[in-house]
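*Asks:* fold the following for me, if possible:
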Amino acid sequence: MKFAWMLLVAVAWSGMAADGDGERGPLQLSLKRAVEIAIRPEGNSNIQLSGEALKQAQMRSAEARAALLPDFEASLGERSATTNLGAMGISVVVPIPGFQFPTFVGPYTTMDARITGSQSVFDFSSIRRFQASKVGVSAARSDADSTEDRVAADVARAYLAAVKADANVDAAQANVTLAQAVLTQADNQKKAGTGTGIEITRAKVQLANDRQHLLEAQNARRGAHLRLLRAMGLRLDTETELTDKLQYVPVDALTIEQAKAQALQSRPDYKAQQEREANARLSASATKMERLPSVQAFGDYGAIGTGLNNALPTRTYGISVRVPVFDGGKRDARRAESASQYRSEKVRTNDLKEQVELDVRLALDGLRSAEDEVKVAKEGLELADNELTQARRRYEGGVTNSLEVTDAQTRLERARDNQIGALYNYNLARIDLAQSLGKVRSMLQ
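*Replies:* Numbers count the residues shown, from 1 in each chain. Predicted coordinates:
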């Protein structure tokens with residue numbers, strides 16, 4: 001009986017939890033919140049990969065630093081051996097009749113407990129490699145920042161596309177409502193004796209077209225929301241509700257020179273490329289310095305004997321100098337390869353610098369064009385709305401027929417689409433400009 005009561009309580013509690021989850025409703029999502037979710041360490045997959053690349057660069061730096069630090073090892077060994085002295089060329093002749101010196105020795109036991117250490121004293125090549133690895137860590141960190149900017153821009157574009165899809169659905173719904181109102185007006189006109197059946201048919205055709213467009217807009221909205229969830233790294237069955245709308249936000253005027261200077265200073269991808277070039281330069285220098293002598297200190301201390309009771313302490317220490325002489329040309333080949341890699345990185349840096357200027361120029365031109373589109377679309381929407389109002393009044397007063405209303409209605413629908421498209425293009429141009437300047441995340445704050 002007690003078990004039955006416990007089961008009943010558990011079922012009731014799970015039902016309440018499910019109801020609570022259902023009451024939470026869709027995820028309220030602003031543009032800023034969408035970007036924050038995407039650039040979390042566990043968010044977008046590209047963010048996760050850039051984080052792992054940074055960790056790998058840090059571990060490579062730790063490996064390069066280890067070459068400059070002391071290296072200690074401890075060993076404890078015990079062995080039992082036999083030896084054939086004859087096989088080693090040892091032959092002892094004893095001038096005693098009937099006695100022969102044994103050539104087979106053992107078995108005997110040897111125990112050795114020892115600590116061994118070494119330390120690089122002078123090795124320019126290892127120092128250069130460590131310096132190059134630290135620059136590599138900085139490059140990986142800049143790459144991670146660049147990935148965050150790129151992901152933020154992609155999510156912002158996906159969010160704008162979803163907002164545009166929502167606006168298209170709202171506009172399509174408004175068109176359906178308007179078409180229903182026009183159909184009602186045509187029906188009233190016919191009942192009053194001032195309309196005809198063809199006008200009602202024309203209004204019904206327009207209503208059917210607008211309903212079709214509404215279905216298409218709703219399907220496009222579902223696809224846009226799915227692409228936004230994919231860009232954010234969220235589950236595709238997550239219900240979302242976008243809180244931001246398409247709007248016009250003025251942007252401070254910038255000259256091309258000002259924008260170019262900001263981009264070269266702020267863009268993380270350009271910083272990362274400069275650091276990769278520095279890494280290649282230091283790596284090439286490290287390869288050249290392999291020709292220089294290197295100095296290493298070494299030593300060991302321990303006890304050796306046939307057992308712990310009779311083990312005696314022994315030690316070794318010293319300094320070794322390594323001077324490269326000839327390695328079959330392998331070192332020269334590595335030096336030529338590293339020099340080529342350095343020249344390649346210099347070419348990439350110059351190419352990216354030119355690409356930055358191109359991105360800035362295209363973004364500024366696109367923003368100016370989008371601003372003009374917004375102004376023209378706003379004016380066109382006001383004129384189309386005024387035209388439809390006058391056409392409906394004329395039709396209601398019997399001055400004209402419904403064809404004039406239908407034409408005005410079509411132009412109003414096109415004007416609504418133009419305004420949505422213009423606002424979308426303008427906000428997209430703002431994101432393009434921010435990305436070209438390396439300031440996507442700061443723009444969304």
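*Asks:* for the rest of this, base every contact and every neighbour count on C-alpha atoms.
*Replies:* Fine.
*Asks:* partner strands of the strand ranked longest in the chain, with direction?
*Replies:* Ranked by residue count and defined by DSSP state E, the top strand of the chain is strand 104-122. Within its sheet, and counting by DSSP bridges, strand 104-122 is paired with strand 71-84 (antiparallel), strand 294-305 (antiparallel).
*Asks:* ranking these by burial, who's on top?
*Replies:* Highest mean neighbour count of these: strand 294-305, a mean of 17 (counted as mean count of other Cα atoms under 10 Å).
*Asks:* in the stretch 251-400 of the chain, which spans are helices?
*Replies:* Using DSSP state H, counting those that start in this stretch, the helices of the stretch 251-400 of the chain run over residues 256-266, 268-288, 330-396.
*Asks:* helix or strand: which one has Gln218?
*Replies:* helix 197-232 (DSSP states H and E).
*Asks:* which residues does Leu226 contact?
*Replies:* Going by Cα atoms under 8 Å, 6 or more residues apart in numbering, Leu226 touches Leu236.
*Asks:* which pLDDT value belongs to it?
*Replies:* Reading off the confidence values, Leu226 has pLDDT 96.
*Asks:* and what of the one 10 residues further on?
*Replies:* With respect to pLDDT, Leu236 has a value of 92.
*Asks:* that one in helix, strand or coil?
*Replies:* coil (DSSP: H, G, I helix; E, B strand; the rest coil).
*Asks:* wait, Ile200 sits on Leu183?
*Replies:* Yes: the pair Ile200 / Leu183 is scored as a contact, 6.3 Å apart, by Cα atoms under 8 Å.
*Asks:* and for Asn427, the neighbour number?
*Replies:* Asn427 is flanked by 22 other residues according to other Cα atoms under 10 Å.
*Asks:* unless I'm mixing things up, Gln419 is touching Lys378, no?
*Replies:* Yes: in this structure Gln419 lies within contact range of Lys378 using Cα under 8 Å: 6.3 Å.
*Asks:* neighbour count: these two, which is higher?
*Replies:* Gln419 (21 against 18).
*Asks:* mind listing what that one touches?
*Replies:* 374, 377-378, 381.
*Asks:* please redo it, this time with the cut-off set to 10 Å
*Replies:* 246, 373-381, 425 (Cα atoms under 10 Å, 6 or more residues apart in numbering).
*Asks:* try Thr196
*Replies:* Thr196 is in contact with 186-187, 189-190, 401-402, counting by Cα under 10 Å, 6+ apart.
*Asks:* format those as TSV; extra columns: distance to Leu437, neighbour count and pLDDT.
*Replies:* Formatted as TSV, the contacts of Thr196 follow (distance: Cα to Cα, whole Å; neighbours: other Cα atoms under 10 Å; pLDDT from 0 to 100):
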residue	distance to Leu437	neighbour count	pLDDT
Ala186	55	27	86
Asp187	58	20	88
Gln189	59	21	83
Lys190	61	16	83
Asn401	55	19	78
Ser402	53	26	79
